[in-house]
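**Student:** Could you look at this predicted model? Sequence included:
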Amino acid sequence: MNATPAPKDVPLGMPRLPAPDYPADVKARLAADAEEVIARYPDSRSALLPLLHLVQAEEGHVSRTGIRFCAEQLGLTTAEVTAVATFYSMYRRRAGGDYQVGVCTNTLCAVMGGDAIFEDLKEHLGVGNGETTEDGAITLEHIECNAACDFAPVVMVNWEFFDNQTPRSARQLVDDLRAGRTVRPTRGAPLCSFKETARILAGFPDGRPGAVEATGGAGPASLAGLRLARGEAPGATTDHVIAPRAAAPAEEPPGGRPGEQAPPGHPSSHDAPHETSASDEAFPAGPTAEEGE
């Protein structure tokens, strides 16, 4: 009876050979950069995260060679470096595209259209989550949160924001990226390649003209709470202005209802003290009954 050969991608239990080293000139250049990064920290192992970005900037992902390099520079084992590299999703473990396109599919973005955008882009690009287009331009992934809920649904390209997206605008975005057309984020620094972004994240200056000066401010929804705290009217439909807690007018109602008088010193009923067992004069130490009584 003939034995069926094992598939090529199935490990046979043989130990892997050590990772190859970088070419001498590349290693010397990376070592000089690593020395600069490590000098920023009192404990060298604290430099592991930026060093992982550094090797990612070299190859576009964190390879076994990159892990070996980080371990040698910091006096760690490759297992220790691998544990960190596999924990954080910002580190790629395999080669990807020039542009990492991340669609937020967390709660708010999802209900605002993020799920629809992600499904549409998968069909449009012909790739699944974490996969790269054949031309090597786009790696598509879903992201749990882009920390920009007031701009939902949000798409990020190499960690730059593209706000208030729709399936149509997202398709145009990736088409422009693949065609090499200039694409400008909604806010923040100009877009650059994934490798260039990784080097910036490693802590090296972004020398592009205007990149440092570019910034992204908070959106109107993010500032709504601040406006309320300042006593500004949140919108034309409100019937009164919420007073700042530090200087509430006497006429400010405790529950926010016109015509209701506020207690002195309490701009809101939520600020009034509530009686509890611990503040009851009859039981200064709180309830004394045993559990179940």
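**Tutor:** Structure's in. What do you need? Being a predicted model, the structure only gives us computed values, none of them experimental.
**Student:** Tell me where the stretch 1-150 of the chain has helices.
**Tutor:** Ranges of helices in the stretch 1-150 of the chain, per DSSP state H, counting those that start in this stretch, are 24-38, 48-59, 64-74, 78-85, 107-109, 115-125.
**Student:** quick one, which of those helices is packed in tightest?
**Tutor:** helix 48-59 (a mean of 22; mean count of other Cβ atoms under 10 Å). Bear in mind the C-beta positions are built from the backbone N, C-alpha and C, glycine included.
**Student:** Need the pLDDT of the residue lying closest to residue 51 once chain neighbours are set aside.
**Tutor:** Sequence neighbours aside, residue 70 is the residue nearest to residue 51 in space, at 4.7 Å (criterion: Cβ to Cβ, 6 or more residues apart in numbering). Looking at residue 70, its pLDDT is 96.
**Student:** I'd like to know how far residue 70 sits from residue 21.
**Tutor:** Between residue 70 and residue 21 the computed distance is 13 Å (Cβ to Cβ, to the nearest Å).
**Student:** Please enumerate the shared neighbours of the two.
**Tutor:** Overlap of the contact sets of residue 70 and residue 21 (by Cβ atoms under 8 Å, 6 or more residues apart in numbering) is empty.
**Student:** low-scoring pLDDT stretches of the stretch 151-293 of the chain, where are they?
**Tutor:** Applying pLDDT under 70 to the stretch 151-293 of the chain flags the ranges 216-217, 233-293.
**Student:** where exactly do the helices run in it?
**Tutor:** Using DSSP H, counting those that start in this stretch, helices in the stretch 151-293 of the chain cover 167-179, 194-201, 220-229.
**Student:** can you tell which of those is closest to residue 37?
**Tutor:** helix 194-201 (11.0 Å; Cβ to Cβ).
**Student:** Can you spell out which helices and strands pack onto the closest one?
**Tutor:** Packed against helix 194-201 by the contact rule (3 or more Cβ pairs under 8 Å, 6 or more residues apart in numbering; DSSP states H and E) you find helix 48-59.
**Student:** Who are the packing partners of the helix it packs on?
**Tutor:** helix 24-38, helix 64-74, helix 78-85, helix 194-201.
**Student:** returning to what we had before: of the helices of the stretch 151-293 of the chain, which stretch is the most buried?
**Tutor:** helix 194-201 (a mean of 20).
**Student:** Run the angle between it and helix 24-38 for me.
**Tutor:** 40 degrees (axes from the mean of the first three to the mean of the last three Cα atoms, to 10 degrees).
**Student:** quick check, distance from helix 194-201 to the centre of its chain.
**Tutor:** Its chain's C-alpha centre and that of helix 194-201 lie 15 Å apart, by Cα atoms, centre = their mean, to the nearest Å.
**Student:** now do stretch 201-219
**Tutor:** Here the centre of stretch 201-219 is set off from its chain's centre by 16 Å, with Cα atoms, centre = their mean.
**Student:** Only alpha carbons, please: show it as CSV.
**Tutor:** Taking Å, rounded to 0.1, in the frame of the first residue of the first chain, the C-alpha atoms of stretch 201-219 are listed here in CSV:
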residue,chain,number,x,y,z
LEU,A,201,5.9,55.0,14.9
ALA,A,202,9.3,53.8,15.9
GLY,A,203,10.0,57.4,17.1
PHE,A,204,11.8,58.9,14.1
PRO,A,205,10.9,62.4,12.9
ASP,A,206,8.5,62.8,10.0
GLY,A,207,10.5,65.1,7.7
ARG,A,208,7.8,65.7,5.1
PRO,A,209,6.9,69.3,4.6
GLY,A,210,3.9,70.3,6.7
ALA,A,211,3.5,66.8,8.2
VAL,A,212,4.3,67.9,11.8
GLU,A,213,2.1,71.0,11.6
ALA,A,214,-0.9,69.0,10.3
THR,A,215,-3.3,68.0,13.1
GLY,A,216,-6.8,66.7,13.6
GLY,A,217,-9.2,68.3,16.0
ALA,A,218,-12.1,66.8,17.9
GLY,A,219,-15.4,66.8,16.1
